[in-house]
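Enquirer: sequence? don't have it. structure:
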């Protein structure tokens with residue numbers, strides 16, 4: 001017995017392993033405490049993501065308030081949340097769904113479980129956070145005009161990136177096939193905007209009738225009826241510019257020519273009949289101030305009536321709640337011709353306006369929000385010039401000038417006038433290396449909108465995603 005007591009006293013007084021054990025215990029607490037900061041940041045990010053997901057779910061289900069029970073909507077909300085959170089390390093449990101038929105209100109509350117990393121060392125493996133979202137029929141109606149650069153410099157990967165980013169925004173704002181609380185219009189632009197031939201007779205437009213014209217005199221050319229000249233040929237590439245941006249072009253080169261052209265014979269014939277047609281594109285009003293305002297349509301917006309097709313851009317899409325219509329419009333876009341930003345901005349403004357030429361827009365008031373999203377990849381490369389028509393006096397202005405200063409000034413004036421209508425303006429510079437146009441776009445954004453400088457395709461998508469998040473927040477009542 002005495003030996004056992006001595007052994008116990010010896011063990012109690014031996015401190016050789018105490019520090020290691022104590023340090024190990026304290027280290028766990030220190031690591032957990034320090035890591036709690038990391039977990040806290042992750043939890044805040046997860047909460048923000050969860051709130052955004054719940055908001056989009058509530059918006060998606062709001063249209064079914066009148067024909068679903070609270071129990072049915074709870075089940076639908078749970079399924080939607082599970083689907084939308086499948087790719088992130090979060091889980092959600094819908095706890096409350098309330099409907100107010102009279103007010104058209106849908107309220108959803110859910111509990112999200114956020115896994116921890118460092119706090120799990122001290123037994124806290126998850127943090128629960130409860131969030132809610134409410135949408136009512138009295139929530140703001142949203143009208144968005146996507147004014148999108150479809151110029152030649154956008155050809156290839158840049159246009160592909162724009163299509164992907166545009167669809168991302170459309171899908172985020174329109175989770176259903178039809179979405180009555182939100183309308184989106186699309187305005188592709190290059191030198192002109194194409195309003196579609198079906199809109200020829202809309203009020204506020206000044207589009208000449210198609211006509212046929214035979215110029216006086218003769219057209220002469222040289223011919224070589226006895227030519228024995230023969231050449232080999234090949235296609236080669238060379239450096240050129242497309243809408244002010246360096247590009248690679250192709251041309252035919254002739255070589256190893258043999259034989260002679262022979263005697264030259266001059267042949268003259270009456271000039272050919274020219275058929276002037278309007279193909280959907282619109283010019284500018286010749287009174288300078290009318291170029292930059294959405295009013296005074298007794299002086300109509302002129303159509304481009306010409307003998308060949310100068311209208312090389314897809315027709316705009318007026319405000320619609322139909323998601324598939326917008327997707328088809330995005331898919332159909334192609335890149336051609338030069339840049340004149342003012343025409344895109346003006347027609348973006350016109351499709352939002354409640355007045356002529358188009359009257360789809362709701363009135364300007366606090367119950368509605370109107371948004372322009374302007375995206376371009378470069379500077380203005382054309383400007384208005386005088387009318388082309390050979391048998392009518394100068395008046396309307398087509399876009400064949402090259403005065404970038406005039407085009408930039410008009411861009412700035414339109415931006416100022418648009419913002420006076422309390423229209424929210426977002427602007428996106430996509431791989432732009434011109435500081436002047438960057439400054440113009442930055443100044444143009446306003447009324448709660450933002451400017452984005454997207455240096456690559458990923459940043460372009462991020463810009464459109466951020467805009468979609470901003471607009472979603474406008475629609476959620478709390």
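Expert: Received it, and whenever you're ready, just let me know what you need. Source: prediction; values computed, not measured.
Enquirer: got the contact list for the residue positioned nearest the centre of the chain?
Expert: The C-alpha lying nearest the average C-alpha coordinate of the chain belongs to residue 166 (Cα atoms, centre = their mean; 4.6 Å). By Cβ atoms under 8 Å, 6 or more residues apart in numbering, residue 166 lies in contact with 146, 148, 186, 330, 464. Every C-beta, even on glycine, is put in place using the N, C-alpha and C of the backbone.
Enquirer: shaky segments in the stretch 251-400 of the chain?
Expert: 288, 366, 386-396 (pLDDT under 70).
Enquirer: so which bits of the helix or strand containing residue 75 are buried?
Expert: Assessed by DSSP states H and E, residue 75 sits inside helix 70-84. Buried residues in helix 70-84, counted by 16 or more other Cβ atoms under 10 Å: 73, 74, 76, 77, 78, 80, 81, 84.
Enquirer: same thing with stretch 345-363?
Expert: Buried residues in stretch 345-363 (16+ other Cβ under 10 Å): 345-353, 356-358, 361.
Enquirer: residue 413 reaches residue 292, doesn't it?
Expert: Yes. In this structure, residue 413 is within contact of residue 292 by Cβ atoms under 8 Å, at 4.2 Å.
Enquirer: more neighbours: which of those two?
Expert: Shown here are residue 413 and residue 292; by other Cβ atoms under 10 Å, residue 292 has more neighbours (22 against 17).
Enquirer: any idea which helix or strand carries residue 167?
Expert: Per DSSP H and E, residue 167 falls inside helix 157-173.
Enquirer: what is the next helix or strand after that helix packed up against?
Expert: Where DSSP H and E defines the elements, the next helix or strand beyond helix 157-173 is strand 182-189. Of the remaining helices and strands, those touching strand 182-189 by 3 or more Cβ pairs under 8 Å, 6 or more residues apart in numbering; DSSP states H and E are strand 141-149, helix 157-173, strand 317-320, helix 323-332, helix 341-352.
Enquirer: now the last one against strand 141-149, angle please.
Expert: With axes from the mean of the first three to the mean of the last three Cα atoms, to 10 degrees as the basis, helix 341-352 and strand 141-149 are set at 160 degrees to each other.
Enquirer: pull the distance from helix 341-352 to the chain's centre.
Expert: 14 Å (Cα atoms, centre = their mean, to the nearest Å).
Enquirer: burial count for residue 238?
Expert: Counted with other Cβ under 10 Å, residue 238 comes out at 10.
Enquirer: skip the chain neighbours and tell me the closest residue to it.
Expert: Distance criterion Cβ to Cβ, 6 or more residues apart in numbering; nearest residue to residue 238, sequence neighbours excluded, is residue 249 at 5.8 Å.
Enquirer: spell out the secondary structure type for the one you found.
Expert: Secondary structure state of residue 249, per DSSP: H, G, I helix; E, B strand; the rest coil, is strand.
Enquirer: where's it relative to residue 347, distance?
Expert: Residue 249 sits 30 Å away from residue 347, taking Cβ to Cβ, to the nearest Å as the criterion.
Enquirer: quick one: average pLDDT of stretch 78-91?
Expert: Averaging pLDDT along stretch 78-91 yields 77.
Enquirer: list the contacts for the residue nearest to residue 324 when sequence neighbours are not counted?
Expert: Setting aside the residues directly before and after it, residue 324 is nearest to residue 177 in space (Cβ to Cβ, 6+ apart), at 6.5 Å. Counting by Cβ under 8 Å, 6+ apart, residue 177 touches 322, 323, 324.
Enquirer: for the second one, which non-adjacent residue is closest in space?
Expert: In space, not counting the residues next to it along the chain, residue 323 is nearest to residue 174; the distance is 4.3 Å by Cβ to Cβ, 6+ apart.
Enquirer: same question, the first one
Expert: Across the structure, with Cβ to Cβ, 6+ apart as the measure, the residue nearest residue 322 apart from its sequence neighbours is residue 178 (5.8 Å).
Enquirer: contacting residues for that neighbour?
Expert: 321, 322, 323.
Enquirer: quick check: the two most widely separated of the buried residues of stretch 345-363?
Expert: 345 and 356 (17.9 Å; Cβ to Cβ).
Enquirer: any chance of the contacts of residue 166 in TSV, with neighbour count too?
Expert: Output for the contacts of residue 166, formatted as TSV (neighbours: other Cβ atoms under 10 Å):
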residue	neighbour count
146	28
148	27
186	27
330	21
464	26
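Enquirer: and the buried residues of stretch 345-363, which is closest to residue 64?
Expert: Out of these, the member with the shortest distance to residue 64 (by Cβ to Cβ) is residue 361, at 26.7 Å.
Enquirer: SS state for residue 360?
Expert: Per three-state DSSP, residue 360 ends up coil.
Enquirer: residues in contact with it?
Expert: Here residue 360 is in contact with 183, 185, 318, 319, 351 (criterion: Cβ under 8 Å, 6+ apart).
Enquirer: just the buried residues from the residues you listed, in ChimeraX please.
Expert: Only the buried entries of those go into this ChimeraX selection, using 16+ other Cβ under 10 Å:
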select :183,185,318,319,351
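Enquirer: element containing residue 467, please.
Expert: Residue 467 belongs to helix 457-475, assigned by DSSP H and E.
Enquirer: next, the buried residues of that helix.
Expert: 457, 459, 460, 461, 463, 464, 467, 468, 469, 471, 472, 475.
Enquirer: can you check stretch 409-416 too?
Expert: Buried residues in stretch 409-416 (16+ other Cβ under 10 Å): 409, 410, 411, 412, 413, 414, 415.
Enquirer: does the second one touch residue 289 like I think?
Expert: No. Counting by Cβ under 8 Å, residue 410 does not reach residue 289; the two are 10.3 Å apart.
Enquirer: related to what we said a few turns ago, roughly how far apart are the residue nearest to the centre of the chain and residue 53?
Expert: 22 Å.
Enquirer: repeat for residue 145
Expert: 27 Å.
Enquirer: what's the answer for residue 195, then?
Expert: 38 Å.
Enquirer: neighbour count: the two, which is higher?
Expert: The residue with more neighbours, out of residue 195 and residue 53, is residue 195; 26 against 21, by other Cβ under 10 Å.
Enquirer: got the phi/psi numbers for the more buried one?
Expert: phi -90, psi 0 (degrees, to the nearest 10).
Enquirer: how near is it to residue 185?
Expert: Taken as Cβ to Cβ, the span from residue 195 to residue 185 is 11 Å.
Enquirer: repeat for residue 212
Expert: From residue 212 to residue 185 the distance is 35 Å (Cβ to Cβ).
Enquirer: before we move on, the earlier item: what packs against the helix holding residue 467?
Expert: helix 18-62, strand 141-149, helix 157-173, strand 368-376, strand 424-430, strand 451-454.
Enquirer: ok, back up a step: mind listing what the residue nearest to residue 238 touches?
Expert: 237, 238, 239, 240, 242.
Enquirer: one more: residue 66?
Expert: Neighbours of residue 66 in contact, by Cβ under 8 Å, 6+ apart: 101, 104.
Enquirer: contact partners for residue 383?
Expert: 340, 399, 401, 402, 403, 404, 406, 407, 410.
Enquirer: in helices only, show me those residues.
Expert: Judged by DSSP state H, helices contain the following of the contacts of residue 383: 404, 406, 407, 410.
Enquirer: count of neighbours near the closest residue to the last one other than its chain neighbours?
Expert: Distances taken as Cβ to Cβ, 6+ apart put residue 342 closest to residue 410, at 4.2 Å, once the chain neighbours are dropped. By other Cβ under 10 Å, 25 other residues sit near residue 342.
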